[in-house]
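**Q** okay, predicted coordinates and the sequence, questions at the end:
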Amino acid sequence: MPTRDELIRYYATLHDDRLMALAANEAAQLTPEALGVLREEVHRRGLDNDLRDAIEIQTRRVEPAEQEELVQRFRKLPCPICNAQAALLNGARVATAYSFLVMTTYEEVLVIGCPQCILAAARKANRATAAFAWWGIPWGPIRGLKAMSVNHEASAAAERHEATADLRQYVASNLGEVMLRLRQGSAAF
């Protein structure tokens, strides 16, 4: 366990971007002493206006009503993919399967974006899957069909107006990052 002086020296060496990432994403895992030193370093650098709320929300219980408010506020940010503000953000999983003779890979990623960007990501993943998933027996066709099913669900989710479970889970799992993005007015990751 590092001493307070070691923590002070370590945090002082971090670049602003790394310190901000630590504060926005990892504050909940820090010891009380490390959290105090982090707050001091953030204040010393003048970053506390952006990060104070991001640190604070990770260190307390968030009520369901507050979480829902965060989801709705986050949805109003510009799309992190195309930067458009015309539509509410949402989230959906998009999958791709590739096969090469005896090896098949399957990957799912969460896409946070406007409906058009989610649809575009699902279509792109479907094109890649349609071209490359079928070449490995038996898993290629199996994973290919699974990926296309996931992408169909993503396309349907993009058409819905309400926030998806994937978006709600993203906000719940990334409260500090979401709070920072709300303070900065950008959903860009």
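**A** Perfect, I can see it now. Residues are numbered from 1 along each chain as shown.

**Q** buried stuff in the lowest-mean-pLDDT helix or strand in the chain?
**A** Sorting the helices and strands of the chain by mean pLDDT, DSSP states H and E puts helix 48-58 at the bottom, at a mean of 89. Going by neighbour count (16 or more other C-beta atoms under 10 Å), the buried part of helix 48-58 is 48, 50, 51, 52, 53, 54, 55, 57, 58. Any C-beta I mention is one placed from the backbone N, CA and C, and that applies to glycine too.

**Q** packing partners of that helix?
**A** helix 16-25, helix 32-44, helix 175-184 (3 or more C-beta pairs under 8 Å, 6 or more residues apart in numbering; DSSP states H and E).

**Q** and those helices, which is most packed in?
**A** Each of these was assessed for mean neighbour count using mean count of other C-beta atoms under 10 Å. The highest is helix 175-184, with a mean of 20.

**Q** on the three-state scheme, residue 107 is what?
**A** The three-state label given to residue 107 by DSSP: H, G, I helix; E, B strand; the rest coil is strand.

**Q** any idea of the pLDDT on it?
**A** Turning to residue 107, the model gives it a pLDDT of 98.

**Q** now do the contacts for the nearest residue to it once chain neighbours are set aside.
**A** Leaving aside its sequence neighbours, residue 107 sits nearest to residue 96 (C-beta to C-beta, 6 or more residues apart in numbering; 5.3 Å). With contacts defined as C-beta atoms under 8 Å, 6 or more residues apart in numbering, residue 96 is in contact with 106, 107, 125, 128, 129, 147.

**Q** nearest to residue 135 among those?
**A** Proximity of these to residue 135 (C-beta to C-beta) peaks at residue 129, which lies at 11.4 Å.
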